[in-house]
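>>> Fold the following, please.
(2 chains)
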Amino acid sequence: MTSQETTRADARFVHLEGIHQVFGSGAARYHALDNVDLQIARGEFVSLIGHSGCGKSTLLNIVAGLAAPTHGHVLVGGREVDGPGLDRAVVFQSHSLLPWLSVVDNVRLAVDGKHPDKPRAWRKDEAMRLVEMVHLGAHAHKKPSEISGGMKQRVGIARAFAADPDVLLLDEPFGALDALTRGGMQDELNRIWESSRKTVIMITHDVDEAIFLSDRILLMSNGPRATVAEDVAVDIARPRTRESLLEDPAYAALRKKLVHYLISTGHARQAA
Amino acid sequence: MILDSNAIPQTEPKAQAEAAAPLPAAAQEMEDPEKALRRRRAAQTFLMPLLALVLLGFVWEAYSKREGVTLPGPVQTVTESWTYIAHPFFDNGPNDKGLGWQLWASLQRVAQGYALAAVFGVLFGIIIGKSVLAHKALDPIFQVLRTIPPLAWLPLSLATFNQANPSAIFVIFITAVWPILINTSVGVMRIPADYQNVARVYRVRGPRYFFLVLIPAAAPYIFTGLRISIGMAWLAIVAAEMLTGGVGIGFFIWDSWNSSRMSDIVVSVVYVGLVGLLLDRLIAGLARLFGTKFD
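The predicted structure is shown next:
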């Protein structure tokens, strides 16, 4: 492979081609996604924004392999997605930790799945290292019911990184958290992403969160027959901080554009 | 310095004590009625059942005194069957044992039948819960089988095994297996989609899926089944032993009936009830023990 070919392959590291998703049949038939084409480069952080029910989660589930599209293909790193896998780790909206396992054992679940051949002691250390990466070392042996919502979501992120995935899929990871905790979590995710530069697809409702973290923001139209309506680049230098963002002139313009889009599609939705 | 630092705490506690003095008094006044209420509730918990028991005893005694009634009253029961009440563990050969030994023999049968039921119930429950085809094939059959009363199984069981003891154990097994099986299958079917997705994404498969996801997720349902079943197994034992003979509380009751020892029956029935209660509490305790582990 020449370097040019590598670059081209990297430019469409995640490649969605003509994705249609239809649920049910007859009167209950619902055409959720209509001809979604999408290319995401390796190491790119992409956010999906849209109103509830626009098929964001459906799209993410298709990339995760948890749902199969009615038509179309998903390629990740040139390979067709035909089921869930460790190369596409998911951070679930509802954190989805196993309540009977401790924090470190929940992370260990993914470590063991990824490295079944490594010695036991190594896997144990690796799980602990990831728990410390999200600053939960002191809570490693607590059960999920004993820690806060923000901490649970950090465990979810540590678990996703345990799989050392090619693509990280975040399904409204901070949606259930209060504003203060959410800010802290965004800082933390930003820090971890800067050091790992994974390819990320994140669903969010939060315009500021999307701008702060993303390289690109995809605006989805309302369902039925939802698709990617606009593809907005975030041209703000990295590394970013919350403060630097506020002072960047591009930020205000971008924010206005996104909010405007959401409001106008919101009106259209109410009219329909 | 030392004097100074001593002098300050000496004066301060006094001031604190004075300031704080009215507080404990107030707290005591607040606490007292609450304590009294708690004491009254505790007393009620013990006294009310006792009162009900005494009342029941009087009604029972009065009824037994009526003409033509062969049921012995409480006084007659205690005097006639005093040996069985006072000496549960006497042993005068295979045909004359204390009630403790009779119950022990029955408990062993129940343990065997119940253990079989637990193993088969959980196993088939998981298969039915996991496989749609197995569910479609077996569920209708199980729904019919589970409504058959224990005693109806006994002739079939005797015809199949030709021996009393295995038949009795089979009757206990077949009575106890359904709640375990059905609850387990429901528990497995209701494993939250979130956990299934986690297992799929992070490649938790085979024995790891079984022990880390399936069993803990279904555990509350399995324990509910186990708890219902222990009661049913104990219900079945009396019926099963009545026809099989030998040592055991069921046969003891049947034997007492045949030799018109009514007061012995009354004592046995009370024991059966108490042991049933203990068994229920035992499984409930086990469920709580494991339940906290899975929380």
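>>> What's the mean pLDDT across the longest helix that chain A contains?
Criterion DSSP state H: the longest helix present in chain A is helix A:249-271. The average pLDDT for helix A:249-271 rounds to 87.
>>> in it, what's buried?
Buried residues in helix A:249-271, defined by neighbour count with 16 or more other C-beta atoms under 10 Å in any protein chain shown: A:Tyr251, A:Leu254, A:Leu258, A:Tyr261, A:Leu262, A:Thr265. In this view, the C-beta of every residue, glycine as well, is placed from N, C-alpha and C.
>>> Could you report the distance from the last one to chain B?
To tie it back to what came earlier, the one meant is A:Thr265. For A:Thr265, the distance to chain B equals 29 Å [C-beta to the nearest C-beta, to the nearest Å].
>>> Can you pick out the most distant pair from the buried residues of helix A:249-271?
Within the buried residues of helix A:249-271, A:Tyr251 and A:Thr265 form the most distant pair, 21.5 Å apart (C-beta to C-beta).
>>> just for the stretch 51-200 of chain B, where's the confidence low?
Within the stretch 51-200 of chain B, no stretch has pLDDT under 70.
>>> Please list the residues of it that sit near chain A.
Counting by C-beta under 8 Å from any C-beta of the partner chain, the residues of the stretch 51-200 of chain B close to chain A are B:Asp194, B:Tyr195, B:Asn197, B:Val198, B:Arg200.
>>> repeat that for 6 Å
B:Asp194, B:Asn197, B:Val198, B:Arg200 (C-beta under 6 Å from any C-beta of the partner chain).
>>> Most neighbours among those residues, which one?
Counting neighbours by other C-beta atoms under 10 Å in any protein chain shown, B:Val198 comes out on top of these with 24 neighbours.
>>> Which of the three states applies to that one?
helix (DSSP: H, G, I helix; E, B strand; the rest coil).
>>> What segments of the stretch 51-200 of chain A are helices?
In the stretch 51-200 of chain A, the helices defined using DSSP state H, counting those that start in this stretch lie at A:56-64, A:103-114, A:120-133, A:149-162, A:179-196.
>>> Dump the buried residues of helix A:249-271 to TSV, plus distance to A:Gly113.
As requested, the buried residues of helix A:249-271 are exported to TSV (distance: C-beta to C-beta, whole Å):
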residue	distance to A:Gly113
A:Tyr251	39
A:Leu254	38
A:Leu258	37
A:Tyr261	39
A:Leu262	38
A:Thr265	39
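>>> for those, which one is nearest chain B?
A:Leu262 (28.0 Å; C-beta to the nearest C-beta).
>>> Next one: that closest one relative to A:Val14, how far apart?
Using C-beta to C-beta, to the nearest Å, one obtains 24 Å as the distance from A:Leu262 to A:Val14.
>>> Could you do A:Ile211 as well?
21 Å.
>>> I'd like the next helix or strand past the longest helix seen in chain B.
What stands out as the longest helix in chain B, according to DSSP H, is helix B:22-64. Downstream of helix B:22-64, the next assigned helix or strand under DSSP states H and E is helix B:74-80.
>>> got the contact list for the following helix or strand past that next one?
On the C-terminal side of helix B:74-80, the closest following helix or strand by DSSP H and E is helix B:82-86. For helix B:82-86, the external contacting residues (C-beta atoms under 6 Å, 6 or more residues apart in numbering or on different chains) are B:Leu99, B:Val267.
>>> if we can go back for a sec, among the helices of the stretch 51-200 of chain A, which comes closest to B:Val75?
In terms of C-beta to C-beta, the element of these nearest to B:Val75 is helix A:103-114, at 61.7 Å.
>>> pLDDT averaged over the closest one - what is it?
94.
>>> Distance from the chain centre to it, please.
With C-alpha atoms, centre = their mean, to the nearest Å as the basis, helix A:103-114 stands 20 Å off its chain's centre.
>>> could you check the angle helix A:149-162 makes with that helix?
Angle, helix A:103-114 to helix A:149-162, by axes from the mean of the first three to the mean of the last three C-alpha atoms, to 10 degrees: 20 degrees.
>>> So which elements touch helix A:103-114?
helix A:120-133, helix A:149-162 (3 or more C-beta pairs under 6 Å, 6 or more residues apart in numbering or on different chains; DSSP states H and E).
>>> what's the most buried one of those?
With neighbours taken as mean count of other C-beta atoms under 10 Å in any protein chain shown, those reach their highest mean count in helix A:149-162, at a mean of 24.
>>> what packs against that helix?
With 3+ C-beta pairs under 6 Å, 6+ apart as the test, helix A:149-162 has strand A:88-91, helix A:103-114, helix A:120-133 packed against it.
>>> Give me the mean pLDDT for that helix.
92.
>>> Could I get the average pLDDT for stretch A:173-193?
Here stretch A:173-193 scores 87 as its mean pLDDT.
>>> Which residue ranges of chain B form helices?
Using DSSP H, helices in chain B cover B:2-20, B:22-64, B:74-80, B:82-86, B:99-130, B:132-145, B:150-161, B:164-189, B:193-201, B:206-209, B:215-244, B:249-258, B:262-294.
>>> closest to A:Asp117 out of those?
Closest among the helices of chain B, using C-beta to C-beta: helix B:206-209, at 14.4 Å.
>>> Just the residues contacting that closest one, thanks.
Helix B:206-209 has contacts (C-beta under 6 Å, 6+ apart) with B:Ala199.
>>> what's the neighbour count on residue 106?
Just so you know, I chose chain A. Using other C-beta under 10 Å, A:Asn106 is surrounded by 28 other residues.
>>> Wait, chain B was what I had in mind.
B:Ser106 has 26 neighbouring residues, counting by other C-beta under 10 Å.
>>> what sits against it?
Neighbours of B:Ser106 in contact, by C-beta under 6 Å, 6+ apart: B:Ile237, B:Gly248, B:Ile249.
>>> ok, now with 8 Å
Taking C-beta atoms under 8 Å, 6 or more residues apart in numbering or on different chains, we find B:Ser106 in contact with B:Ile237, B:Glu241, B:Gly248, B:Ile249, B:Gly250.
>>> Can you add distance to B:Ile85 and give the residues you listed back as a markdown table?
As requested, those are exported to a markdown table (distance: C-beta to C-beta, whole Å):
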| residue | distance to B:Ile85 |
| --- | --- |
| B:Ile237 | 21 |
| B:Glu241 | 21 |
| B:Gly248 | 19 |
| B:Ile249 | 14 |
| B:Gly250 | 19 |
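>>> For chain A, state which of those residues is nearest.
Among the contacts of B:Ser106, B:Ile237 lies closest to chain A (C-beta to the nearest C-beta), at 34.3 Å.
>>> which ones are touching the closest one?
Contact analysis of B:Ile237 by C-beta under 8 Å, 6+ apart lists B:Ser106, B:Arg109, B:Val110, B:Ala168, B:Ile172, B:Gly248, B:Ile249, B:Gly250.
>>> let's go with 10 Å and repeat that
B:103, B:105-107, B:109-110, B:113-114, B:150, B:168-169, B:171-172, B:175, B:248-250, B:272, B:275-276 (C-beta atoms under 10 Å, 6 or more residues apart in numbering or on different chains).
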